[in-house]
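> Pasting the sequence and the predicted model now:
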Amino acid sequence: MIANVLVAVGLGAAVSAVAAAAGDVALRQAREVFLGVRGRAAASAAVASELRGVWLDSTAIVGPGRTVVIGPVPRPRADTEVRLDARWLARDLWLLSATATIQDVGGQTRARAVNGIIVQVLVSPIDSTYFTRPISRGWVAGYQ
Amino acid sequence: MNRRGFSLFELVVGIVIATLVLGLGFSLSGRVQTVARQRGERIGLAANLSTIIEVLGRELEAAGSDPASGADVQIVGANSLTARARRGLLVGCRIVADTVDIASDSLAGLRMRLPDPARDSLMIWVPSDSSGPEGWVPVALLGSGIGAACPSGEGAVRYPATIDSTTVARIGPSGRSILILFESINARAYLGAGGWQFGIEGLSAGATVQPIAGRLVGAGGLDLVGLDRLGVPLAGPGPPSAIGVIVVAESYRGLAVGGGRVAPVRDSARAILRFRNAP
């Protein structure tokens, strides 16, 4: 009987250990997914907020074949850095992309997301200012 | 009276009590084993369900629709859909009637790969003009690429393709436009050796279905519904803005209890997969 009780206790402990390990893995995965989603959201928000930024004037100066480095934007959170740039693609089409990096307190990268949108840079016939128009199927994820 | 040892009655009572205790112990350990296996099966099953949803979501994420090429996603049955799965964004630096030159390092920072003509195709963006609205024109690649150079001096890879004169004219004299690299796929439930599975098959010649996860509970274990912007199922054949997915799957092993078999563990997951470039 004692042997059986010991076997049962042993198996119970093994089950608890497996469940705890699985729970730990699930928790870590969930945290990674959450950080990934946060990174993508930060990148998307940065791109959406710069559709009418002052960088548009620079596109006329640097012209085709160049990249306009818009630089870091205000941090949405202390651990999240977002950098923006606009890359000329063709004609009057540019890829406005944001790279969001989430770091831990030690400065190690925990998650990184790249999100961009293809925009057409146009000149207003009224006041000659530049503005953008997202073209169809414009969103581009980072392929990495 | 000098008695040594046990009487027959005492022995029988002792054996009965020991049998009861042993039986109780075995029953307890059997239940613990069953719970352990059931938990393991459930964890594996949950991982399979999330894999199906995640893979399908990634393949459809960048889908869209426009007047020139129509919808990227077509539901071809309750458990099957075809899609143009985006594989990258490229720059065509010289697009003429019989070839397209792809600037090979124009988007290196985004780690775009070059096309594999055996399975990939392109969509070329054309601006709106008097001949039609802006949109993406699908173009098949006819062979492997060779080294070339863009008119601007950038490195390029030249692919043979047949591009109609209207598209070439709409791109304009610069011959430069942006390209979506895509692979036509069929994501579906299929009956494999281990039962019904979820798999993805390239629609190019010679492609075979790649198993992703299973085991589905029959063909109906994968249920796909086209949804409009508000999440309402589409009544007609219009382009979907999202896909509703319900997956019902079961574990591979049944559980042995008391010499009999019980049904495998069964679980389900559901999700709405919205397209990044939804019409």
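Structure's in. What do you need?

> sec struct for the residue nearest to A:P76 when sequence neighbours are not counted, please.
What sits nearest to A:P76 in space, not counting adjacent residues and going by Cβ to Cβ, 6 or more residues apart in numbering or on different chains, is A:A42, at 5.1 Å. All C-beta atoms are positioned from the backbone trio N, CA, C, and that covers glycine. Following DSSP: H, G, I helix; E, B strand; the rest coil, we place A:A42 in the helix state.

> Run a quick neighbour tally on A:A42.
Other residues within reach of A:A42, judged by other Cβ atoms under 10 Å in any protein chain shown, total 25.

> That one contacts A:T80, doesn't it?
Yes - if you go by Cβ atoms under 8 Å, A:A42 and A:T80 touch, sitting 5.3 Å apart.

> Check the contact lists of the two and give me the overlap.
Shared between the contact lists of A:A42 and A:T80 (criterion: Cβ atoms under 8 Å, 6 or more residues apart in numbering or on different chains) are residues A:A100, A:I102.

> so what does the longest strand along chain A touch, helix or strand wise?
The strand that spans the most residues within chain A, counting by DSSP state E, is strand A:109-123. Contact analysis of strand A:109-123 by 3 or more Cβ pairs under 8 Å, 6 or more residues apart in numbering or on different chains; DSSP states H and E lists helix A:2-49, strand A:93-103, strand A:130-141 as its packing neighbours.

> Near chain A, which residues of the stretch 51-200 of chain B are found?
B:61-62, B:64, B:66, B:87-89, B:91-93, B:106-107, B:110-113, B:125, B:127, B:134-136, B:152, B:172, B:174, B:176-178, B:180 (Cβ under 8 Å from any Cβ of the partner chain).

> Can you select the buried ones from the residues you listed in ChimeraX?
Only the buried members of these end up in this ChimeraX selection, burial being decided by 16 or more other Cβ atoms under 10 Å in any protein chain shown:
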select /B:61,62,64,66,87,88,89,91,92,93,106,107,110,112,125,127,134,135,136,176,177,178,180
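
> Select from the residues of the stretch 51-200 of chain B next to chain A every entry located in strands.
Among these, the ones falling in strands (DSSP E) are B:66, B:87-89, B:91-93, B:125, B:135-136, B:177-178, B:180.

> where does the chain dip in pLDDT?
Chain wasn't specified; assuming chain A. Applying pLDDT under 70 to chain A picks out residues A:1, A:4-5, A:8, A:12, A:15-16, A:63-65, A:142-144.

> please go with chain B instead
B:1-3, B:106-111, B:254-263, B:279.

> Figure out the helix or strand that whichever residue of it sits closest to chain A lives in.
At 2.6 Å from chain A, B:G25 is the closest residue in chain B, using Cβ to the nearest Cβ. Secondary-structure element containing B:G25, defined by DSSP states H and E: helix B:8-60.

> Distance to A:A3 added to the ones in strands among the residues of the stretch 51-200 of chain B next to chain A, as TSV?
Compiled in TSV, these are given as follows (distance: Cβ to Cβ, whole Å):
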residue	distance to A:A3
B:D66	72
B:R87	60
B:G88	63
B:L89	66
B:V91	73
B:G92	75
B:C93	78
B:W125	74
B:G135	75
B:W136	71
B:S177	77
B:I178	73
B:I180	67
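
> Quick check: the two most widely separated of the residues you listed?
Every pair in these was compared (Cβ to Cβ); the two farthest apart turn out to be B:D66 and B:C93, at 22.7 Å.

> about what we covered before: from the ones in strands among the residues of the stretch 51-200 of chain B next to chain A, pick the one nearest B:E250.
Checking these one by one against B:E250 (Cβ to Cβ), the nearest turns out to be B:R87, at 32.9 Å.

> pretty sure the closest one is touching B:S184, no?
No - applying Cβ under 8 Å, one finds B:R87 not in contact with B:S184, separated by 10.8 Å.

> ok, B:W136 - contacts?
With contacts taken as Cβ under 8 Å, 6+ apart, B:W136 has the following neighbours: A:S136, A:R137, B:D66, B:A68, B:S69, B:M123, B:I124, B:W125, B:V126, B:I180.

> Excluding chain neighbours, what is closest to it?
Among residues not flanking B:W136 along the chain, B:M123 sits closest, at 3.8 Å (Cβ to Cβ, 6+ apart).

> where's the one you found, which helix or strand?
strand B:120-126.

> Next, the angle strand A:130-141 makes with that strand.
170 degrees (axes from the mean of the first three to the mean of the last three Cα atoms, to 10 degrees).

> residues making contact with strand B:120-126?
A:93, A:135, B:68-69, B:84, B:87, B:90, B:92, B:95, B:100, B:115, B:132, B:134-141, B:161, B:163, B:167, B:170-171, B:177-184.

> make it 6 Å
B:136-140, B:167, B:170, B:177-183 (Cβ atoms under 6 Å, 6 or more residues apart in numbering or on different chains).

> Pairing partners for it, with directions?
Within its sheet, strand B:120-126 is paired with strand B:135-140 (antiparallel), strand B:177-192 (antiparallel), according to DSSP bridges.

> deepest of those, which one?
Highest mean neighbour count among the strands paired with strand B:120-126 (mean count of other Cβ atoms under 10 Å in any protein chain shown): strand B:177-192, with a mean of 21.

> Okay, angle between that strand and strand A:93-103 too, please.
An angle of 60 degrees separates the directions of strand B:177-192 and strand A:93-103 when computed by the same axes, to 10 degrees.

> Packing partners of the helix or strand following strand B:177-192?
The first helix or strand that comes after strand B:177-192 along the chain, using DSSP H and E, is strand B:195-202. Using 3 or more Cβ pairs under 6 Å, 6 or more residues apart in numbering or on different chains; DSSP states H and E, the elements in contact with strand B:195-202 are strand B:177-192, strand B:209-216.

> can you tell me how far the residue nearest to A:P76 sits from A:D104?
Using Cβ to Cβ, to the nearest Å, one obtains 16 Å as the distance from A:A42 to A:D104.

> how far is stretch B:64-82 from where the chain is centred?
Its chain's C-alpha centre and that of stretch B:64-82 lie 15 Å apart, by Cα atoms, centre = their mean, to the nearest Å.

> List the buried residues in it.
With the criterion 16+ other Cβ under 10 Å, stretch B:64-82 contains buried residues B:64-66, B:68-69, B:71-75, B:79-82.

> Just the residues contacting that stretch, thanks.
Outside of stretch B:64-82, the residues that reach it under the criterion Cβ under 6 Å, 6+ apart are A:136-137, B:63, B:83-84, B:133, B:135-138, B:186-189, B:219, B:222-224, B:226, B:239-240, B:275, B:277, B:279.
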